[in-house]
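K.L.:
could you look at this predicted model? Sequence included:
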There are 2 protein chains.
Amino acid sequence: MTKIRDEVLEANAKYAEEFGARGKLPIVPARGIAILTCMDSRINTFALLGLAEGDAHVIRNAGGRASDDAIRSLIVSYKLLGTREWLVIHHTKCGQELFTDEVMRNLLASSLETARWDGKQWQDTGKGPGSVESDYIDWLTIRNLNDSVNNDVQRIRRHPLVPASIAIHGFIFDVETGRLSEVTKTRP
Amino acid sequence: MTKIRDEVLEANAKYAEEFGARGKLPIVPARGIAILTCMDSRINTFALLGLAEGDAHVIRNAGGRASDDAIRSLIVSYKLLGTREWLVIHHTKCGQELFTDEVMRNLLASSLETARWDGKQWQDTGKGPGSVESDYIDWLTIRNLNDSVNNDVQRIRRHPLVPASIAIHGFIFDVETGRLSEVTKTRP
């Protein structure tokens, strides 16, 4: 029993009371869209695109990167559930821009405690123990937002299980203005 | 230029006009929560938990499974951005319950076109060409929802980079009632 658990269950009870016709939505996304975006807490995917429940698949991870797992999800999305148009959305002020694999590996090797950002770099808490397991993980960090969007769109486009007929658009979401800007789009 | 692209950009322009104070939210999730859930279009993550922009990280993939990539994201979430409480949410009528690796591999080997569900099984369109690339992908299908939630919570709990101090709760979301039910929770 934690406070957060109790709060979300209470909020969910209210949501369920007003669920109404949403309970009859089919499994196939009505607008044939799948979105790949970042886990960032400032991104309200449906709201920022004017979508409602039932419209679109939403795939999210740290950075909104075209990881193997994101591609697994996109393939399920079109092959079984018929989406035809995919949006890759990265965003300004992304956490993935603030570190490198080397930084993350050093921080985790030193301690599993949350690091502190001092405005310029991450500060180790010095409260070990850590783990070298991080040496085996590619953190998919971002050096340049335009490049990360373009590269991810291209990685998806070139995947042998992705049909050429699917439209793939790349965007950057500005977390300070709420505005999307288009980086690229790849069409059949 | 596609219709969907034009529609989401138009909807986004309206969203940005009313963005207001949300443009000043910090990168650290205010309520220290990270959520792992399915890409399913019927899941409006913030709404169903009573969360607002800025409250929580949201990680989504096909099934809401604890894939290596989801775990990468959860580790970034706590190590750099301080989340302390994680919710794993699978849901009823999930697409991942409707196939096996073998079914998906056969469908994709035959054709990259979208398959048809006839109420009992997936029907191949017969419109090749396909690809055997699918043989190299674990589709992370679900046989039993309670098991998938419990197993995913346990996989995260036992990961060497996940501190014992993080609370991990497992839920199933009912897409017909909008209601969450608690499957398990793992506490320190």
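P.N.:
Received, thanks. Numbers count the residues shown, from 1 in each chain, chains lettered A, B, ... in the order given.
K.L.:
ok, then the element right after the longest helix that chain A contains?
P.N.:
In chain A, with assignment by DSSP state H, the single longest helix is helix A:3-17. Heading C-terminal from helix A:3-17, the first helix or strand you meet, by DSSP states H and E, is strand A:33-38.
K.L.:
and that following strand, which strands flank it?
P.N.:
strand A:56-61 (parallel), strand A:85-91 (parallel) (DSSP bridges).
K.L.:
tell me the most buried of those?
P.N.:
Comparing the strands paired with strand A:33-38 on average neighbours per residue, with mean count of other C-beta atoms under 10 Å in any protein chain shown, the densest one is strand A:56-61 at a mean of 28. All C-beta atoms are positioned from the backbone trio N, CA, C, and that covers glycine.
K.L.:
what comes into contact with that strand?
P.N.:
The contact list for strand A:56-61 (C-beta atoms under 8 Å, 6 or more residues apart in numbering or on different chains) reads A:29, A:31, A:33-39, A:43, A:45-46, A:49, A:67, A:69-70, A:73-74, A:77, A:81, A:83, A:140, B:39-41, B:43, B:45, B:58-62, B:69-70, B:72-73.
K.L.:
coming back round to it: and the longest helix of chain A, what does it pack against?
P.N.:
helix B:45-49, strand B:85-91, strand B:167-173, strand B:180-186 (3 or more C-beta pairs under 8 Å, 6 or more residues apart in numbering or on different chains; DSSP states H and E).
K.L.:
report the buried residues of that helix.
P.N.:
A:4-5, A:8-9, A:11-12, A:15-16 (16 or more other C-beta atoms under 10 Å in any protein chain shown).
K.L.:
try stretch A:32-42
P.N.:
Quick answer for stretch A:32-42 (16+ other C-beta under 10 Å): A:32-42.
K.L.:
I'd like the distance from that stretch to the chain centre, please.
P.N.:
5 Å (C-alpha atoms, centre = their mean, to the nearest Å).
K.L.:
figure out the length between the terminal residues of it.
P.N.:
24 Å (C-alpha to C-alpha, to the nearest Å).
K.L.:
and the helix or strand containing residue A:78, what's buried?
P.N.:
Per DSSP H and E, residue A:78 falls inside helix A:68-79. For helix A:68-79, the neighbour count (16+ other C-beta under 10 Å) marks A:69-79 as buried.
K.L.:
overlap between these and the residues near chain B?
P.N.:
Contacts with chain B within the buried residues of helix A:68-79, counted by C-beta under 8 Å from any C-beta of the partner chain: A:69-70, A:72-73, A:75-79.
K.L.:
please render those as a markdown table that adds pLDDT and distance to residue B:126 to the earlier fields.
P.N.:
A markdown table is the format used below for those (pLDDT from 0 to 100; distance: C-beta to C-beta, whole Å):
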| residue | pLDDT | distance to residue B:126 |
| --- | --- | --- |
| A:69 | 98 | 29 |
| A:70 | 98 | 29 |
| A:72 | 98 | 24 |
| A:73 | 98 | 25 |
| A:75 | 98 | 19 |
| A:76 | 98 | 20 |
| A:77 | 98 | 21 |
| A:78 | 98 | 17 |
| A:79 | 98 | 14 |
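K.L.:
which of the residues you listed lies closest to residue A:23?
P.N.:
Using C-beta to C-beta, residue A:77 comes nearest to residue A:23 of these, at 22.2 Å.
K.L.:
low-confidence ranges, chain A, go.
P.N.:
Applying pLDDT under 70 to chain A picks out residues A:1, A:185-188.
K.L.:
at 50 instead, please
P.N.:
A:188 (pLDDT under 50).
K.L.:
what about residue A:161, how many neighbours?
P.N.:
18 (other C-beta atoms under 10 Å in any protein chain shown).
K.L.:
tell me what angle the longest helix of chain A forms with strand B:167-173.
P.N.:
Note on geometry: by axes from the mean of the first three to the mean of the last three C-alpha atoms, to 10 degrees, helix A:3-17 and strand B:167-173 are set 10 degrees apart in direction.
K.L.:
just want the angle from helix A:3-17 to strand B:180-186.
P.N.:
Using the same axes, to 10 degrees: helix A:3-17 against strand B:180-186 is 160 degrees.
K.L.:
contacts for helix A:3-17?
P.N.:
B:31-33, B:47-51, B:85, B:87, B:167, B:169, B:177-180, B:182, B:185.
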